[in-house]
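Chemist: Fold the stuff below for me.
(one chain, ligands or ions: 3)
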Amino acid sequence: MKTTHILVIISLILSHASFTGYSSSIKNYQCSKCATVVRSDRIPSSSNCRAGGSHQWHNLGEFGMENYCCKKCSTVLKSKRIPSTTGCPAKGSHQWSHLGHVGNITYQCRKCGVTLHNERIPSTTGCPQGGSHQWSKLTH
Ligand SMILES: [Zn+2]
Ligand SMILES: [Zn+2]
Ligand SMILES: [Zn+2]
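Modeler: Ligands and ions are numbered 1, 2, ... in the order given. Prediction:
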């Protein structure tokens, strides 16, 4: 009984530690070969890229509560500020548009299929299919 009690306390401390680290040091990493995005506090493993060989990770900056979409590769990131433009999987540099603040409402663009969670209807600028996004609300 006593050991169980101690384990509960330890796991509470650990979950609190990971929660406080969450807002300060988690970064978005994206592989420029397979477009996978990983949130991590350190550079992810480079083994087994599904595009073949090793992943090529790019640090796109700190994870945060703003939605950004690249109109070249359709990647959507939750970022603290405008993400780095390095390593767009569609070649060259990402072209980020700020779509709004992260929230509980799910929106999907009828043109490009991008889905995100935003607090209100996202900005229509920079649809990867050209022109403006056409947002549909998927939740209330
Ligand atoms: Zn990869
Ligand atoms: Zn891109
Ligand atoms: Zn769109």
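
Chemist: Would you map the strands across this protein?
Modeler: Along the chain, counting by DSSP state E, strands occupy 27-31, 37-40, 57-70, 76-79, 96-109, 115-118, 135-137.

Chemist: Bridge partners for the residue lying closest to Ser40 once chain neighbours are set aside, pull those for me.
Modeler: Leaving out its chain neighbours, the residue that sits closest to Ser40 by C-beta to C-beta, 6 or more residues apart in numbering is Tyr29, at 5.9 Å. The way it works is simple: take the backbone N, C-alpha and C, and place the C-beta from them, glycine included. Taking DSSP bridges as the rule, Tyr29 bridges to Val38, Asn59.

Chemist: I'd say Tyr29 and Gln56 touch.
Modeler: No: with contacts counted by C-beta atoms under 8 Å, Tyr29 stays clear of Gln56, the gap being 10.2 Å.

Chemist: Between these two, point out the one with more neighbours.
Modeler: Legend: neighbour count by other C-beta atoms under 10 Å for Tyr29 and Gln56, higher for Tyr29 (20 against 15).

Chemist: State the distance from that one to Ser45.
Modeler: As judged by C-beta to C-beta, to the nearest Å, Tyr29 and Ser45 stand 11 Å apart.

Chemist: ditto for Gly87
Modeler: For Gly87, the distance to Ser45 (C-beta to C-beta) stands at 17 Å.

Chemist: Of the two, which one has the most company?
Modeler: More crowded of Gly87 and Ser45, by other C-beta under 10 Å: Gly87, with 21 against 10.
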